[in-house]
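S.K.: I would like the atomic coordinates for the input below:
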Amino acid sequence: MFAKLPLTAVRGFESAARLGSFKAAAHELNVSPAAISHQVKSLEAYLGVRLFERSSQSVRLSVDGERLHPQLHRALLDIQHGLQALSPPCAAKSLVVSTTPAFASLWLIPRLGDFHRLHPEIDISLHSSNDVVDLRRDASIDLAIRALFTPDPQLFEQPVLDEYFGVYCRPDWQPPAPGSPVELIDVPWLSSVNVAVDWPTWCAKANTLDWLGTARLRRYDEEHHALQAAIVGHGLVLASNVLVAEAIARGQLISYRPEIRLAGARYTVVCVPGRERQPLVRAFNEWLLGSVTEGTTVRAGQIL
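M.R.: Numbering: from 1, shown residues only. Presented below is the predicted three-dimensional model:
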């Protein structure tokens with residue numbers, strides 16, 4: 001039935017399409033770039049269509065190549081999964097998760113112990129970076145947890161947490177005396193084009209614009225540094241309800257003026273279509289959806 005399937009050419013095409021380069025595909029498959037080019041040409045001859053548009057400087061997928069690549073990628077993932085299912089049960093299974101350093105340290109890592117207790121056979125490897133990984137090209141990343149404002153139609157998406165921004169402080173924080181400056185901890189937050197997430201926007205909504213003229217701003221580049229500054233008493237912090245959840249659960253911070261909120265993103269699990277069916281990815285997604293901090297509930301992708 002499968003005697004005439006050009007499997008070697010299929011693997012070469014999938015790698016070149018995912019990585020966007022014959023040279024990179026050659027490195028991944030440990031062959032020469034000429035071999036990848038030959039494999040792609042043989043697959044094109046087999047199908048009777050051009051899969052890449054070639055120039056002297058680069059190659060890019062044709063319309064037919066764009067249609068074919070997701071199907072072949074899913075098929076190869078299924079083959080890989082079928083083979084892995086026969087591996088010895090004692091063998092460690094690894095899952096690579098990409099997310100931002102702030103989400104990893106402030107939300108995910110404090111909860112990973114629960115996942116390890118439920119799935120001791122799965123090793124989680126965290127890839128933390130503020131740069132967005134191209135999951136279609138980097139097959140070493142199984143899934144990513146991202147704060148999204150708009151969906152990516154090329155990826156499978158599972159909403160996890162809705163985000164908003166509010167102001168938080170230590171439980172013993174006291175407002176300054178009249179005429180005294182308030183200490184405000186400032187950090188750049190990811191925001192949509194419609195709503196800025198900064199102190200002027202929050203103060204305008206809270207009718208406290210008078211703060212801004214005399215405020216002492218404590219500026220940080222990293223979210224977890226700003227939260228730590230608030231925890232040790234350096235002032236009020238404008239922060240994500242998702243990232244501050246652990247500090248609230250521990251009693252380190254409380255909400256100040258909780259009725260004043262700025263819209264944020266939606267934390268979402270994303271992966272290449274087809275990977276969500278793999279047992280390791282499915283187990284992680286199911287655990288993630290069930291993991292909520294004390295006093296929160298996940299309903300239809302919302303944190304309430």
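S.K.: average pLDDT for stretch 82-92, rounded please.
M.R.: Averaging pLDDT along stretch 82-92 yields 61.
S.K.: now stretch 238-255: average pLDDT?
M.R.: Average pLDDT, stretch 238-255: 95.
S.K.: kindly report the same for stretch 208-222.
M.R.: When pLDDT is averaged over stretch 208-222, the result is 92.
S.K.: outside of that stretch, which residues touch it?
M.R.: Outside stretch 208-222, the residues within contact range by Cβ atoms under 8 Å, 6 or more residues apart in numbering are 101-102, 180-188, 199-200, 203, 226, 229, 234-235. Where you see a C-beta, it was placed from the backbone N, CA and C, and this is true even at glycine.
S.K.: how far does that stretch stretch from one end to the other?
M.R.: Chord length of stretch 208-222, first to last residue, is 25 Å (Cα to Cα, to the nearest Å).
S.K.: report the buried residues of that stretch.
M.R.: Neighbour-count burial for stretch 208-222, counted by 16 or more other Cβ atoms under 10 Å, picks out 208, 211, 215, 218, 220.
S.K.: following the longest helix seen in the chain, which helix or strand shows up next?
M.R.: Taking DSSP state H as the criterion, the chain has its longest helix at helix 63-84. As assigned by DSSP states H and E, the chain's next helix or strand after helix 63-84 is strand 93-99.
S.K.: tell me which stretches of this protein form helices.
M.R.: 7-19, 22-29, 33-47, 63-84, 101-103, 109-118, 199-206, 211-214, 223-231, 245-249, 279-290.
S.K.: got these as JSON lines, with distance to residue 172 columns?
M.R.: Shown next, in JSON lines, are the helices of the chain (distance: least, Cβ to Cβ, whole Å):
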{"stretch": "helix 7-19", "distance to residue 172": "53"}
{"stretch": "helix 22-29", "distance to residue 172": "55"}
{"stretch": "helix 33-47", "distance to residue 172": "64"}
{"stretch": "helix 63-84", "distance to residue 172": "53"}
{"stretch": "helix 101-103", "distance to residue 172": "25"}
{"stretch": "helix 109-118", "distance to residue 172": "23"}
{"stretch": "helix 199-206", "distance to residue 172": "21"}
{"stretch": "helix 211-214", "distance to residue 172": "20"}
{"stretch": "helix 223-231", "distance to residue 172": "12"}
{"stretch": "helix 245-249", "distance to residue 172": "14"}
{"stretch": "helix 279-290", "distance to residue 172": "34"}
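S.K.: for those, which one sits closest to residue 273?
M.R.: Shortest distance between residue 273 and these, using Cβ to Cβ, is found for helix 63-84: 6.1 Å.
S.K.: centre of the chain to the closest one, how far?
M.R.: Helix 63-84 has its C-alpha centroid displaced from the chain centroid by 22 Å (Cα atoms, centre = their mean, to the nearest Å).
S.K.: give me the helices and strands touching that helix, please.
M.R.: helix 7-19 (3 or more Cβ pairs under 8 Å, 6 or more residues apart in numbering; DSSP states H and E).
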